[in-house]
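Undergrad: pasted the sequence and its predicted model underneath.
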Amino acid sequence: MMKIDVLTLFPEMFEGVLGHSILKKAAEKKAVHYNVINFREFSDNKHQTVDDYPYGGGAGMVLKPQPIFDAVKAINNNNEEKKSRVILLCPQGERLNQKKAEELAKEEHLIFICGHYEGYDERIREHLVTDEISIGDYVLTGGELGAMVIIDSVVRLLPEVLGNEESHQKDSFSTGLLEHPHYTRPADFRGMKVPEVIISGNHKNIEEWRAKESLRRTLTRRPDLLKEIDLTKEQVKWLEEIQKNIDN
Ligand SMILES: C[S@@+](CC[C@H](N)C(=O)[O-])C[C@H]1O[C@@H](n2cnc3c(N)ncnc32)[C@H](O)[C@@H]1O
C-alpha cells in the first residue's frame, strides 16, 4: 500500500478531494493511505508560528525550516535514513507530466510539502527535499492545489485503483500521444452523427480508426509530442496521409 503524507497549513482543503470519487475508493481498497498533517503542530515556538520576515527585507513572509524539518522527521519515525520521496510544491520546480506521475506511482511513500506566503527557507529545498515539482508556469497562493493534482495523477495509476473499464493504459500521454475521440449513444443526436466506422462492429477497423485519430489529434494539437516517441512504420505512413489531408 502506498503511503502519502501531506504537510500543509490548511488540512481542510484536502477533505473534498481525498474524500470523493476514485481517490476515496483507492483508500477504501487499501491501495493508498493518506495522512494530512498541519505542520503548525510541530512548531517549537510557544505561539506556534511557522513563518518569519525574510532576511534582507522585502515583501511577504517566509516559512521557517524548523516545523517542516521536524514534521518530516516525525513522519519517518525519527529515522533519518528512511528513504521517502519528499516533494516540495514549487513554481520553480520540474514541471509535472505523465512520466513523472508514473515514476512516483512506483514509490511506497510520498511526502508533500505545501508552501504558502512568499515561499520557504531555502534550506528546506537544499537539505530536505528529493523533488521540487511545479504544476505549471503560473503562481498559486499555496502548494495545496498542486499537491492534490499530483496525488490525483499518481493514485489513479496504482494497481487495482482503476478497473478495466477506466483503464489508464490508453490515456493521453500514457502512449506518448493524445487519446482518440470518444462517442456514446445515441448514434444520431439532433442530427449530429457519430462516425460510421465506430458503430460498424468491425473491431479491426475501429482500432485502426482510433489509432489514426490519436495521431491526427496529436499532430494538430500537440505536434511537440511526436518528436518524443518512436513511431512504427505504419504510424509514419498514416501520419503522412493525415498531413496530406490537412494540406489539401
Ligand atoms: C505565492 S507562492 C510563492 C512563489 C515564490 N515567491 C516564487 O516566486 O517562486 C506560494 C507557494 O505556492 C506553491 N506554488 C505556487 N505556484 C505553484 C506551482 N505552479 N506549482 C506548484 N506549487 C506552486 C508553492 O508551494 C509556493 O511556495
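TA: Looks like it arrived, so ask away. It should be emphasised that the depicted structure is a prediction, and the values quoted were computed from it without experimental measurement. Numbering: from 1, shown residues only.

Undergrad: show me what the host helix or strand of residue 236 packs onto, helices and strands only.
TA: Here residue 236 sits within helix 233-247, counting by DSSP states H and E. Using 3 or more C-beta pairs under 8 Å, 6 or more residues apart in numbering; DSSP states H and E, the elements in contact with helix 233-247 are helix 203-221. C-beta here means a position set from N, CA and C on the backbone, and glycine is covered the same way.

Undergrad: that older thread, the inter-axis angle of the helix holding residue 236 versus helix 203-221?
TA: 60 degrees (axes from the mean of the first three to the mean of the last three C-alpha atoms, to 10 degrees).

Undergrad: chain center to helix 233-247: distance?
TA: Relative to its parent chain, helix 233-247 has a centroid offset of 32 Å by C-alpha atoms, centre = their mean, to the nearest Å.

Undergrad: quick check: mean pLDDT of it?
TA: Helix 233-247 shows a mean pLDDT of 96.

Undergrad: what do you get for stretch 193-213?
TA: Here the average pLDDT along stretch 193-213 is 97.

Undergrad: ok so, going back, who's in contact with the helix holding residue 236?
TA: Residues outside helix 233-247 that contact it (C-beta atoms under 8 Å, 6 or more residues apart in numbering): 211-212, 215-216, 219-220, 226, 231.

Undergrad: now render those residues as JSON lines, adding distance to residue 128 and neighbour count.
TA: Shown next, in JSON lines, are these (distance: C-beta to C-beta, whole Å; neighbours: other C-beta atoms under 10 Å):
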{"residue": "211", "distance to residue 128": "45", "neighbour count": "17"}
{"residue": "212", "distance to residue 128": "48", "neighbour count": "17"}
{"residue": "215", "distance to residue 128": "43", "neighbour count": "22"}
{"residue": "216", "distance to residue 128": "45", "neighbour count": "21"}
{"residue": "219", "distance to residue 128": "43", "neighbour count": "18"}
{"residue": "220", "distance to residue 128": "43", "neighbour count": "12"}
{"residue": "226", "distance to residue 128": "38", "neighbour count": "15"}
{"residue": "231", "distance to residue 128": "42", "neighbour count": "14"}
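
Undergrad: nearest to the ligand among these?
TA: residue 226 (26.3 Å; C-beta to the nearest ligand atom).

Undergrad: who touches that closest one in this structure?
TA: Residue 226 neighbours (C-beta under 8 Å, 6+ apart): 177, 218-219, 239.

Undergrad: if we use 6 Å, what do you get?
TA: residue 218 (C-beta atoms under 6 Å, 6 or more residues apart in numbering).

Undergrad: distance check, it against residue 239.
TA: 8 Å (C-beta to C-beta, to the nearest Å).

Undergrad: just residue 34 next, same as before
TA: 42 Å.
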